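Engineer: attaching a predicted model along with its sequence, questions to come.
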Amino acid sequence: MEAVDLARWQFGITTVYHFLFVPLSIGLAYLIAVMQTMYVVKKDDKYKAMAQFWGKIFLLNFAVGVVTGIMQEFQFGMNWADYSRFVGAVFGGPLAVEALVSFFLESTFLGIWIFGWDRLPKKVHLACIWLVAIAATLSALWILSANSFMQEPVGYEIVNGRAEMTDFFALLGNPQLWVEFPHVIFGALSTGALFVTGISAYQILRKRRTEMFKTSFAIGIVVALASSLLTAFAGHDQAQHLMSSQPMKMAASEALWETSGDSAPWTLVATIDPEKQENGFQIDIPYALSILAYNKLEGKVPGMLDLQKDYEEKYGPGDYIPPVRTTFWSFRIMVGAGMLMILLSFIGTVAVLRNKLDNYRRYLKWMTPAIALPFIANTSGWIMTEVGRQPWIVFGLQKTEDGVSPLVTPGMVATSLIGFTVVYGILAAVFIYLVVHTVRKDGSTEPTAEAAH
């Protein structure tokens, strides 16, 4: 295996692993802020206990997220030196703001929130957790502004073979950013909400601090339903934007080799043969792809073979068709997980509104493994986004094979890949152990009167 292939594997592993923790941090921060707001408004110690319990898990997640983020930065400099040189003058600004402002604010106010219980006025202390949530959101905005440049470069010029920023506000106004950012944030809220409902369901079934966890479940399930629906709508906007920004990715996500007719069907499943550039068995839903792409029953969607010819004329000889099977199936996994999230959230919301959650014991059993659904959706969505852009690392400007470090050997990358994988495995084991320990110990212990007040 060549260095570029190993570097891509390392990038994929480190990015996917890091992104397991990022959306959970954002989602949990907002849920904890809502719980603490209810404590300040209602003056009910149950909400304080909830905020403190979920806050402990948030801190564990935040710590592991920071460590995995640092390791991700390391592999950028080691494996992708030419890419870093090419985009460094563009990415420097937003990434510096993210590190020095957003992450600094998030860390600072998180520290104040941790040690400020019963030391700060309630409203000041409440403001701290809201600022943590807002700072985490802004951090995501700056990171996504860099990723959006990779998908749809704007506000730059090429100087001496490097991209240099010419318009900072064009970078922030990138159309790709404003379809990608809402999708990520709503997905993060879904992640935090289903995490809360899954653990709450586990505790309710075991009759541990039932009143507190039923309230946690009620808050989480309403947020899960709203955010899952909003994620779907934001994803629809993102898919429509692909028609103008990256039509090849759209075609690959549908395994569409030939340009469709006036009404494009959506392929539910298919057997794909990339070598013959055709599909075997497939099940289509009439008109659905035209609706997805244009919000109407009619509308042609260009196929990969026609787009390949267009790209060759525009960018020169080469293979511009991404890995079709990966792009196709990752999209369907994301959609399937999202639909299950909406269905389960709807059932839970109905149960809560009818005040009959205790009668839904089988449903409560489903909700603990359902914690995995948003992580599956987030991961498969990012795989589709990044793999579907291939062969580009910066669309239309730099190919992935041209971004790898020229002096890094396959042995070097393989060694660091094994090392990262081992460290990530240890971190995962420690994180899971500490979360389970917190759920079992703190989740089954009533707060003392002193702690409550």
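Structural biologist: Sure, I can see it. Numbers count the residues shown, from 1 in each chain.
Engineer: and Thr271, that one's in a strand?
Structural biologist: Yes: when the secondary structure is assigned by DSSP: H, G, I helix; E, B strand; the rest coil, Thr271 falls within a strand.
Engineer: could you measure it against Gly419, distance?
Structural biologist: Thr271 sits at a distance of 38 Å from Gly419 (criterion: CB to CB, to the nearest Å). Where you see a C-beta, it was placed from the backbone N, CA and C, and this is true even at glycine.
Engineer: which parts of the stretch 201-350 of the chain are helices?
Structural biologist: According to DSSP state H, counting those that start in this stretch, the stretch 201-350 of the chain carries its helices in the segments 210-245, 247-253, 288-294, 304-315, 324-353.
Engineer: can you check which of the ones you listed gets nearest to Trp266?
Structural biologist: Distance to Trp266, taken as CB to CB, is lowest for helix 288-294 among the helices of the stretch 201-350 of the chain, at 3.3 Å.
Engineer: any idea of the mean pLDDT in that closest one?
Structural biologist: Helix 288-294 shows a mean pLDDT of 86.
Engineer: pull the helix or strand with minimum mean pLDDT from the protein.
Structural biologist: Across the helices and strands of the chain, the lowest-confidence element by mean pLDDT, DSSP states H and E is helix 449-452, at a mean of 39.
Engineer: show the contacting residues for the residue nearest the centre of the chain.
Structural biologist: Nearest to the mean C-alpha position of the chain, counting by CA atoms, centre = their mean, stands Asn378 at 4.3 Å. For Asn378, the contacting residues are Phe19, Leu20, Pro23, Gly187, Thr191, taking CB atoms under 8 Å, 6 or more residues apart in numbering as the criterion.
Engineer: can you list the low-confidence ranges for this protein?
Structural biologist: Applying pLDDT under 70 to the chain flags residues 442-453.
Engineer: that one: strands as residue ranges?
Structural biologist: Taking DSSP state E as the test, the strands found in the chain are 156-159, 162-165, 266-273, 278-285, 392-394, 398-399.
Engineer: if you count contacts, what does the shortest one end up packed against?
Structural biologist: Translated: strand 398-399. Packing contacts for strand 398-399, counted by 3 or more CB pairs under 8 Å, 6 or more residues apart in numbering; DSSP states H and E, involve helix 81-97, strand 392-394.
Engineer: parallel or antiparallel, which strands does it pair with?
Structural biologist: The pairing partners recorded for strand 398-399 under DSSP bridges are strand 392-394 (antiparallel).
Engineer: same deal with the fourth one?
Structural biologist: In the sheet, strand 278-285 lines up against strand 266-273 (antiparallel) (DSSP bridges).
Engineer: tell me what angle the partner strand forms with helix 324-353.
Structural biologist: 140 degrees (axes from the mean of the first three to the mean of the last three CA atoms, to 10 degrees).
Engineer: name the residues of strand 266-273 that are buried.
Structural biologist: By neighbour count on 16 or more other CB atoms under 10 Å, the buried set for strand 266-273 is Trp266, Thr267, Ala270, Ile272.
Engineer: try stretch 174-183
Structural biologist: For stretch 174-183, using 16+ other CB under 10 Å, the buried residues are Asn174, Gln176, Leu177, Trp178, Val179, Glu180, Phe181, Pro182, His183.
Engineer: thought Ile347 was touching Tyr363?
Structural biologist: Yes: Ile347 is within contact range of Tyr363, at 6.0 Å (criterion: CB atoms under 8 Å).
Engineer: gap between Glu298 and Pro286?
Structural biologist: Using CB to CB, one gets 12 Å for the distance from Glu298 to Pro286.
Engineer: mutual contacts of these two, please.
Structural biologist: Shared contacts of Glu298 and Pro286, defined by CB under 8 Å, 6+ apart, are found at Ser263.
Engineer: so how many other residues sit close to the closest residue to Gly338 other than its chain neighbours?
Structural biologist: Leaving out its chain neighbours, the residue that sits closest to Gly338 by CB to CB, 6 or more residues apart in numbering is Ala377, at 5.2 Å. The criterion is other CB atoms under 10 Å. On that basis, Ala377 has 26 neighbouring residues.
Engineer: repeat that for Gly69.
Structural biologist: Neighbours of Gly69 under the rule other CB under 10 Å: 19.
Engineer: do the same with Ala136
Structural biologist: A total of 27 residues lie near Ala136 under the criterion other CB under 10 Å.
Engineer: that one reaches Glu106, doesn't it?
Structural biologist: Yes: assessed by CB under 8 Å, Ala136 is found in contact with Glu106 at 5.4 Å.
Engineer: columns distance to Thr327 on top of the strands of the chain, output as CSV?
Structural biologist: Supplementary listing: the strands of the chain in CSV, determined by distance: least, CB to CB, whole Å:
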stretch, distance to Thr327
strand 156-159, 26
strand 162-165, 25
strand 266-273, 10
strand 278-285, 14
strand 392-394, 13
strand 398-399, 17
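Engineer: pick the most deeply packed of those.
Structural biologist: With neighbours defined as mean count of other CB atoms under 10 Å, these peak in mean count at strand 392-394, which reaches a mean of 22.
Engineer: roughly how far out does stretch 85-102 sit from the chain middle?
Structural biologist: 20 Å (CA atoms, centre = their mean, to the nearest Å).
Engineer: and stretch 23-36, by the same measure?
Structural biologist: With CA atoms, centre = their mean as the basis, the mean position of stretch 23-36 lies at 15 Å from the chain mean.
Engineer: kindly report the same for stretch 182-201.
Structural biologist: Worked out by CA atoms, centre = their mean, stretch 182-201 lies 11 Å from the chain centre.
Engineer: do the same with stretch 133-147
Structural biologist: Mean C-alpha position of stretch 133-147 versus that of the full chain (CA atoms, centre = their mean) differs by 12 Å.
Engineer: again with stretch 52-68
Structural biologist: Using CA atoms, centre = their mean, the distance from the centre of stretch 52-68 to the centre of the chain it belongs to is 17 Å.
Engineer: show me which positions of that stretch end up buried.
Structural biologist: By 16+ other CB under 10 Å, the buried positions in stretch 52-68 come out as 52-62, 64-65, 68.
Engineer: related to what we said a few turns ago, quick one: residues contacting the residue nearest to Gly338.
Structural biologist: The contact partners of Ala377, taken as CB under 8 Å, 6+ apart, are Gly187, Ser190, Ile333, Met334, Ala337, Gly338, Met341.
Engineer: and the two most separated of those residues?
Structural biologist: Using CB to CB, the contacts of Ala377 reach their maximum pairwise distance at Ser190 and Ile333, which is 15.4 Å.
Engineer: and those two? Which one has more around it.
Structural biologist: The residue with more neighbours, out of Ser190 and Ile333 and counting by other CB under 10 Å, is Ser190; that gives 31 against 17.
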